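In: Pasted the sequence and its predicted model underneath.
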Amino acid sequence: MHPARDGGTIFRVTLPVGTPTAGVPAEANAEPRDGSPGRVLVVDDEEPLARLVSEALSEDGHQTVPVLGRAEALERLAHEDFDLVICDLKMPGPALKRLRDEMERLRPGLGRRLLLITGDTMSAEPEELARREGLALLHKPFDLQDLRRAVRGQLARERGPCGT
């Protein structure tokens, strides 16, 4: 803190440089093997968030389809192929287990290509679920760069069209 010439006070705040990968699983930080974009289904019951995620990933060349809820996601999955599904963990509608089971039934292997997002910071349940199921997890609010890294990592981890 230093006095200013006009009698005010000048505050200088120095913040440490954080790691851009904090909170993102190590495998989600991997660069894609071939660098190619993917087809991503974005599932959230908050329309502005679904649109934001979809637009951010579209800027990276991914083909994105935002949907509002798991029921709509199941309808899309019945007729379309996706390389990755990003899904809010806590939403009304079909349970996450039902969504994953249906993803596997419709597109074998797609159940592993699920990136969970959650606003639940009060309980350990999201981390426990992600760890138990081997899924990546991002906490809201998340940095768009963390989202992009997580998507690249998920696509790199299981590259190739669904069902192969």
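Out: Nice, I can see it.

In: Give me the phi and psi for the closest residue to residue 37 other than its chain neighbours.
Out: Spatial nearest neighbour of residue 37, excluding adjacent residues (C-beta to C-beta, 6 or more residues apart in numbering): residue 61 at 3.8 Å. All C-beta spots, glycine's among them, are computed from the backbone N, C-alpha and C. When quoted as degrees, to the nearest 10, the phi and psi of residue 61 stand at phi 100, psi 0.

In: Would you mind listing the residues in contact with residue 100?
Out: 111, 114, 133 (C-beta atoms under 8 Å, 6 or more residues apart in numbering).

In: In a strand, it, correct?
Out: No. Under DSSP: H, G, I helix; E, B strand; the rest coil, residue 100 falls outside any strand and is assigned helix.

In: What separation do you get for it and residue 143?
Out: Distance from residue 100 to residue 143, counting by C-beta to C-beta, to the nearest Å: 26 Å.

In: for residue 55, same thing?
Out: Counting by C-beta to C-beta, the gap from residue 55 to residue 143 is 15 Å.

In: By neighbours, which of the contacts of residue 100 wins?
Out: residue 114 (23 neighbours; other C-beta atoms under 10 Å).

In: Does the residue nearest to residue 37 touch residue 39 like I think?
Out: No. Using C-beta atoms under 8 Å, residue 61 makes no contact with residue 39, being 11.0 Å away.

In: The two: which is more packed in?
Out: Taking neighbours as other C-beta under 10 Å, residue 61 and residue 39 compare with residue 39 leading, 16 against 10.

In: List the contacts of that one.
Out: Contacts of residue 39 (C-beta under 8 Å, 6+ apart): 62, 63, 64, 65, 80, 81, 82, 83, 84.

In: cutoff 10 Å now
Out: 62, 63, 64, 65, 80, 81, 82, 83, 84, 155, 161, 162 (C-beta atoms under 10 Å, 6 or more residues apart in numbering).

In: partner residues bridging it?
Out: residue 63 (DSSP bridges).

In: List the contacts of stretch 116-129.
Out: 42-44, 46, 49, 53, 85-90, 96-97, 130-131, 133, 135-142, 147, 150.

In: Please list only the buried members of those.
Out: Using 16 or more other C-beta atoms under 10 Å as the burial test, the contacts of stretch 116-129 include 42-44, 49, 53, 85-89, 96, 130, 135-139, 142, 147, 150 as buried.

In: Filter those down to the ones in strands?
Out: Secondary structure from DSSP state E places 42, 43, 85, 86, 87, 88, 136, 137, 138, 139 of the buried ones among the contacts of stretch 116-129 in strands.

In: Cool, thanks, talk later.
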